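*Asks:* Sequence below, structure please.
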Amino acid sequence: MRAIQAREAGGPEVLELVDLPDPAPGHGEVLVRVGAAGVNFIDTYRRSGTYPMPFPHVVGTEGAGRVVALGEGVTQPAIGDRVAWSDVPGSYAELVAVPVDRALPVPDEVSDDVAAALPLQGMTAQYLVDATYPVQRGDQLLVHAAAGGVGLLLVQLAASRGARIIATVGSTEKETLARGAGADVVIRYDELDDVATALPALVREATGGEGVHAVYDGVGVATFDASLASLRRRGTLVLFGASSGPVPPVDPQRLNRAGSVYLTRPTLGDYTTTREELLARARDVFDAVAHGRLDVRIGARFGLADAAEAHRALEGRATTGKVLLEA
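*Replies:* Numbers count the residues shown, from 1 in each chain. Next up is the predicted model:
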């Protein structure tokens, strides 16, 4: 099979297309022919060495496709069934061995490319608004990178719960997308001289001086100070990513001075700790797509051989919505 390996830690140039032996499904696994693989920031962290990984390794952890073989002890899913997954290493490939406890049934109404876009970003958006900070009608929220893969989904899900959403974006195109997803106020951080001071002032102006109930921040170091300063008393800062780089250690007294606010750094694995919870979150997202309540924007598609270009586009903030590799 063809696959994309990172030969060593480094930039997108370390990604190379290689021929590898077809994998065989082990006990409790199914072999899937990949229709599309999701491209995520965590892939770039592992490729660069920011997150420790063995090298060389086949990149990617998310995708969707059709089952072509069963490992020992597996009866479901069956050969021919369509499944999606996240947190399965080696997904930038034509074939992937997927543990059955990670395999998510894909409804007929959901295509392979949309299914590949949802396991990580869709379930992330779902748990963020459902459990990390459970959004209630009338809540005022700040969502950073609102035209990104998680951002567009998060805005839609929060809006459907009756929240008022202030979104940050970096271009006219992204402003249009954020408003279309349900954002009530859009702030262009590319037009601000100093994000750390100007953004909180605009947020407080938009909230009658009080600040927001919660901030959803997947950007990290570039927005953290502004996020903290945008919260109302006893507000919640949900730091779920670091696309601009990791946030340095934080003095807890900053939370005190900001108004007894809460800071959490969640991850999908801690919100899908059982098979039942994983399936429930996936079902909620897939059903929302199948019934037209959630729109998934595929912002860019690349061939498997063009994985390096996909990483460059993602890291260069040149994409909106989800980035996919089509195997």
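
*Asks:* can we go C-alpha only for contacts and neighbour counts from here?
*Replies:* Noted.

*Asks:* from the chain's centre, how far out does the helix ranked longest in the chain sit?
*Replies:* Looking across the chain with DSSP state H, the single longest helix is helix 275-290. In terms of CA atoms, centre = their mean, to the nearest Å, the centre of helix 275-290 is found 15 Å from the chain centre.

*Asks:* ditto for stretch 215-227
*Replies:* Relative to its parent chain, stretch 215-227 has a centroid offset of 15 Å by CA atoms, centre = their mean.

*Asks:* Okay, now it: how far is its last residue from its first?
*Replies:* Distance between the two ends of stretch 215-227: 6 Å, counting by CA to CA, to the nearest Å.

*Asks:* on that earlier part again, list the buried residues for the longest helix of the chain?
*Replies:* For helix 275-290, a neighbour-count test (16 or more other CA atoms under 10 Å) marks 278-279, 281-283, 285-287, 289-290 as buried.

*Asks:* Ok, stretch 104-111 next?
*Replies:* Those would be 104-107, for stretch 104-111 by 16+ other CA under 10 Å.

*Asks:* Break this protein down into its structural domains.
*Replies:* 2-118+296-326, 125-268 (automatic domain parsing).

*Asks:* now residue 180: how far from residue 102?
*Replies:* Here residue 180 is placed at a distance of 32 Å from residue 102 (CA to CA).

*Asks:* Looking at the two, which has the bigger crowd around it?
*Replies:* Shown here are residue 180 and residue 102; by other CA atoms under 10 Å, residue 102 has more neighbours (18 against 14).

*Asks:* Identify the bridge partners of the residue nearest to that one when sequence neighbours are not counted.
*Replies:* Leaving aside its sequence neighbours, residue 102 sits nearest to residue 85 (CA to CA, 6 or more residues apart in numbering; 5.8 Å). Note on residue 85: beta-bridge partners residue 63, judged by DSSP bridges.

*Asks:* residue nearest the centroid of the chain?
*Replies:* residue 121 (3.0 Å; CA atoms, centre = their mean).

*Asks:* Distance check, that residue against residue 134.
*Replies:* Distance, residue 121 to residue 134, by CA to CA: 17 Å.

*Asks:* Nearest to residue 274 among the domains of the chain would be which one?
*Replies:* domain 2-118+296-326 (9.1 Å; CA to CA).

*Asks:* wait, what's in contact with residue 74?
*Replies:* By CA atoms under 8 Å, 6 or more residues apart in numbering, the contact set of residue 74 is 27-30, 100.

*Asks:* Just give the number of residues close to residue 52.
*Replies:* 11.

*Asks:* start at 803 instead
*Replies:* Sounds good: first residue 803 from here, last item residue 854.

*Asks:* now it: how far from residue 944?
*Replies:* According to CA to CA, residue 854 stands 32 Å off from residue 944.

*Asks:* Residue 824 - that's part of a strand, no?
*Replies:* No: secondary structure assignment (DSSP: H, G, I helix; E, B strand; the rest coil) places residue 824 in coil, not in a strand.

*Asks:* Just list the residues touching it, thanks.
*Replies:* Going by CA under 8 Å, 6+ apart, residue 824 touches 803, 897.

*Asks:* quick one, phi/psi of it?
*Replies:* For residue 824, the backbone dihedrals (degrees, to the nearest 10) come out as phi -60, psi 130.
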